[in-house]
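Visitor: Everything below, folded, please.
(one chain, ligands or ions: 2)
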Amino acid sequence: MADRPRIFMMTTMHEDGMRLLHEAGEVVMTPSLDRAVLLEGVAGADAIVTRTYGTIDAELLDAAGPRLRVVGRHGVGVDHVDVPAATERGILVVSTPGANKEAVAEHVFAFMIGLSKHFPLQMASLREGRFMDRTKHMGRDIFEKTIGIVGFGNVGRVVGRIAHAAFSMRVLYNDIVPAPEDVENAAGALRVDFETALLEADYVTMHVPLDEGTRGMIDRRALSLMRPDAILINTCRGPVVDERAVAEALDAGKLWGYGADVFAEEPPPADHPLIGRPDVMLTPHSAAQTVESLRNMATWVAEDVSRVLRGDPPLRPYNDPETVSANRSRRPGVVG
Ligand SMILES: NC(=O)C1=CN([C@@H]2O[C@H](COP(=O)(O)OP(=O)(O)OC[C@H]3O[C@@H](n4cnc5c(N)ncnc54)[C@H](O)[C@@H]3O)[C@@H](O)[C@H]2O)C=CC1
Ligand SMILES: O=C(O)C(=O)COP(=O)(O)O
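Guide: Ligands and ions are numbered 1, 2, ... in the order given. Reported below is the predicted structural model:
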């Protein structure tokens, strides 16, 4: 069919989601995320599907042309999408909130357990034939310690529930919006200000979106408030944490360990100050890369992109459909 919607993919994804998109339109996969390739390839698209990489700004939206109706975000963070520019142009943005919350929360506990028990050091001892060094690195238990959860949304709440139910932890959270009482109760969680979370927590874990209010939230000052034996975890976005300040705190013995799935720059440079240290655990933005989470993200985004393309309201809009629709009707030359 000549007039099938054109779905421009900036990434591949789980086959269950791909199948839905192939039913909804003509799927075109970009051969690379090179800017010039994207600007050329996106022309004439009705939909764009993105994951974490490849900036979707006003220029790219304009390069798509007047048919573009929807940007589908496989995943949660939309810091690489200019949402106001999309709204202004009458383009819906849909995402998959909650699709990866268990995957990321479990990843947080992998870091918490691994760093508390000195896994990097102990595994190196074993690998290097120093088995009897087993007593050299005194770990610690998580049971009944205090966790400070910064950002108590989908991921933060699962972290809170696990901390409470599995480790009997004291759960403090900091969020700009108070959680409903039943949500707080499910995690035995108490809302505190940012400084209190930093001052009192044995584990501080970051679950905020990257925006102007959260960029550099964990800086030298924040680190100086934390306990010297605290463990800091960052699975949200690299720029939320000042990595150099973390390296300095670790060097000065003012932080027990750092676990991160995200970096200020991705991929990080080879001479990154944290890579290779025994007091950190780092993964390559892989917290959401589990079977269940990948299937959720792919099928949920494909479902919403398909809905929008056939004129149905999306289930998980990120921008306001009414504003989008009003702006769209005012745009000259738009299609559909
Ligand atoms: N490593 C990975 O693969 C993944 C990373 N992420 C990142 O983690 C972030 C959080 O994910 P979700 O919990 O699913 O998002 P969410 O949107 O459900 O929760 C974010 C929470 O942060 C709060 N918040 C916003 N600004 C704040 C501030 N200045 N101080 C305190 N709280 C603030 C919000 O009110 C909200 O409750 C995402 O935005 C994304 O960037 C999410 C999933 C996977
Ligand atoms: O959901 C997010 O924000 C993530 O960072 C992971 O998303 P991805 O697997 O890159 O689509």
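Visitor: buried ones in stretch 7-24?
Guide: 7-11, 13-14, 17-18, 20-21, 24 (16 or more other CB atoms under 10 Å). Placement of C-beta: from N, CA and C, glycine included.
Visitor: Check the offset of that stretch from the chain's centre.
Guide: Relative to its parent chain, stretch 7-24 has a centroid offset of 21 Å by CA atoms, centre = their mean, to the nearest Å.
Visitor: tally of neighbours for the residue in the stretch 101-250 of the chain that ligand 1 sits nearest to?
Guide: Closest residue of the stretch 101-250 of the chain to ligand 1, CB to the nearest ligand atom: residue 153 (1.8 Å). Neighbour count of residue 153, defined by other CB atoms under 10 Å: 19.
Visitor: With adjacent residues omitted, what lies nearest to it?
Guide: residue 207 (6.3 Å; CB to CB, 6 or more residues apart in numbering).
Visitor: Which residues are in contact with the one you found?
Guide: 104, 149-153, 155-156, 159, 235-236 (CB atoms under 8 Å, 6 or more residues apart in numbering).
Visitor: okay, the closest residue to ligand 2 within the stretch 201-336 of the chain: pLDDT?
Guide: When scored by CB to the nearest ligand atom, the stretch 201-336 of the chain has residue 288 as its residue closest to ligand 2, at 4.1 Å. Residue 288 carries a pLDDT value of 98.
Visitor: Ok, residue 331 next?
Guide: 86.
Visitor: That one against residue 89, yeah?
Guide: Yes - if you go by CB atoms under 8 Å, residue 331 and residue 89 touch, sitting 6.7 Å apart.
Visitor: Neighbour count: those two, which is higher?
Guide: Comparing residue 331 with residue 89 by other CB under 10 Å, the one with more neighbours is residue 89, at 19 against 12.
Visitor: ok, that one to residue 324 distance?
Guide: 9 Å (CB to CB, to the nearest Å).
Visitor: what about residue 165, which SS state?
Guide: helix (DSSP: H, G, I helix; E, B strand; the rest coil).
Visitor: For the residue nearest to residue 153, what are phi and psi?
Guide: Backbone torsions of residue 207, given as degrees, to the nearest 10, read phi -140, psi 40.
Visitor: excluding its backbone neighbours, what's nearest the residue minimising distance to the centre of the chain?
Guide: Using CA atoms, centre = their mean, the residue of the chain that lies closest to the mean C-alpha position is residue 236, 4.4 Å off. The shortest distance from residue 236 to any non-neighbouring residue, by CB to CB, 6+ apart, is to residue 206 (4.9 Å).
Visitor: Now do the one you found: how many residues are near it, please.
Guide: Residue 206 has 24 nearby residues by other CB under 10 Å.
Visitor: what does residue 297 give?
Guide: Neighbours of residue 297 under the rule other CB under 10 Å: 25.
Visitor: Show me which residues of the stretch 151-300 of the chain sit near ligand 2.
Guide: 288, 297 (CB under 6 Å from any ligand atom).
Visitor: hey, where'd the helices end up in the stretch 151-300 of the chain?
Guide: Under the criterion DSSP state H, counting those that start in this stretch, the stretch 151-300 of the chain contains helices at 154-167, 181-187, 194-200, 220-225, 243-251, 291-309.
Visitor: and if you look at the stretch 1-150 of the chain?
Guide: Going by DSSP H, counting those that start in this stretch, the stretch 1-150 of the chain shows helices at 15-24, 35-41, 58-64, 83-88, 101-116, 119-127.
Visitor: any residues touching the shortest one, and which ones?
Guide: Taking CB under 8 Å, 6+ apart as the criterion, the residues outside helix 83-88 that touch it are 56-58, 61, 71, 92-93, 318-320, 323-324, 327.
Visitor: Let me know whether that helix sits next to ligand 2.
Guide: No - legend: contact between helix 83-88 and ligand 2 by CB under 6 Å from any ligand atom is lacking; minimum distance shown is 14.0 Å.
Visitor: which parts of that helix are buried?
Guide: 83, 85-88.
Visitor: And the second one, by the same measure?
Guide: Of the residues in helix 35-41, those buried under the neighbour-count criterion (16+ other CB under 10 Å) are 38, 41.
Visitor: Give me the contacts around that helix.
Guide: Around helix 35-41, the neighbours that count as contacts under CB under 8 Å, 6+ apart are 8, 10, 28, 30-31, 54, 59-60, 63.
Visitor: what's the spatially most distant residue from the centre of the chain in contact with, if anything?
Guide: Distance from the centre of the chain peaks at residue 132, with 39.3 Å (CA atoms, centre = their mean). By CB under 8 Å, 6+ apart, no residues touch residue 132.
Visitor: So which bits of the stretch 1-150 of the chain are right by ligand 2?
Guide: So the stretch 1-150 of the chain meets ligand 2 at 51-52, 74-77, 100 (CB under 6 Å from any ligand atom).
Visitor: picking that back up, export the helices of the stretch 151-300 of the chain to JSON lines and tack on mean pLDDT?
Guide: Shown next, in JSON lines, are the helices of the stretch 151-300 of the chain (pLDDT from 0 to 100):
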{"stretch": "helix 154-167", "mean pLDDT": "98"}
{"stretch": "helix 181-187", "mean pLDDT": "98"}
{"stretch": "helix 194-200", "mean pLDDT": "98"}
{"stretch": "helix 220-225", "mean pLDDT": "98"}
{"stretch": "helix 243-251", "mean pLDDT": "98"}
{"stretch": "helix 291-309", "mean pLDDT": "98"}
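Visitor: Alright, calling it a day.
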